[in-house]
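Peer 1: any chance you could fold what I've pasted below:
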Amino acid sequence: TQTQQKKMENSSKDPLDTLMREKLDAFELEVRPLSKKEFLCCASCCDKKSLPVEDFQKCLDKCKKPVTEIGKVFDKEIASFKNRLQRCQHLCQMEAQERQKQGDEDSAKKQFYECTKGCRDSSQTEAINMFKRLSRHVRNKK
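Peer 2: Residues are numbered from 1 along each chain as shown. Take a look at the predicted model:
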């Protein structure tokens, strides 16, 4: 469809967005075996009819722990990544505003564009490293 085609065109324009999408998809595939293990473990808890309610809940919690921990690490890493990118872009904005105050509108726009592009370019390396750390974390849980 046209909507999907436009999304593809827009994503190809921003290498960071494309990279993040690819890495997120790969990470999700990497977590799936652990998710399957969690579901099967939870199912086995359900099969233990003689478990008291409290023990049943402990069984479920134990099954869910690895994926839950990965989710927490993932959320922390993504939040930190976004925070660094936003700080960088905010500094670009402040610098551009200073140039604009000096009456150099064109230079401010150009500088802002170049600066934010630099933020996004350097974030690509950070994203790759972040997903390597996340992958190591997943491998340690298997």
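
Peer 1: tell me the helix or strand right after whichever strand or helix holds residue 86.
Peer 2: Taking DSSP states H and E as the criterion, residue 86 maps to helix 53-101. Per DSSP H and E, helix 53-101 leads on to helix 105-141 as the next helix or strand towards the C-terminus.

Peer 1: which strands and helices sit next to the helix holding residue 86?
Peer 2: The contact analysis (3 or more CB pairs under 8 Å, 6 or more residues apart in numbering; DSSP states H and E) places helix 53-101 against helix 15-47, helix 105-141. Glycine gets a C-beta too; all of them are placed from N, C-alpha and C.

Peer 1: need those helices in CSV (columns: mean neighbour count).
Peer 2: Output for these, formatted as CSV (neighbours: other CB atoms under 10 Å):
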stretch, mean neighbour count
helix 15-47, 14
helix 105-141, 15
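
Peer 1: figure out which of those helices is closest to residue 58.
Peer 2: The closest of the helices and strands packed on helix 53-101 to residue 58 is helix 15-47. By CB to CB, the value is 8.9 Å.

Peer 1: need the pLDDT of the closest residue to residue 33 other than its chain neighbours.
Peer 2: Leaving out its chain neighbours, the residue that sits closest to residue 33 by CB to CB, 6 or more residues apart in numbering is residue 142, at 7.0 Å. As predicted, residue 142 sits at a pLDDT of 75.
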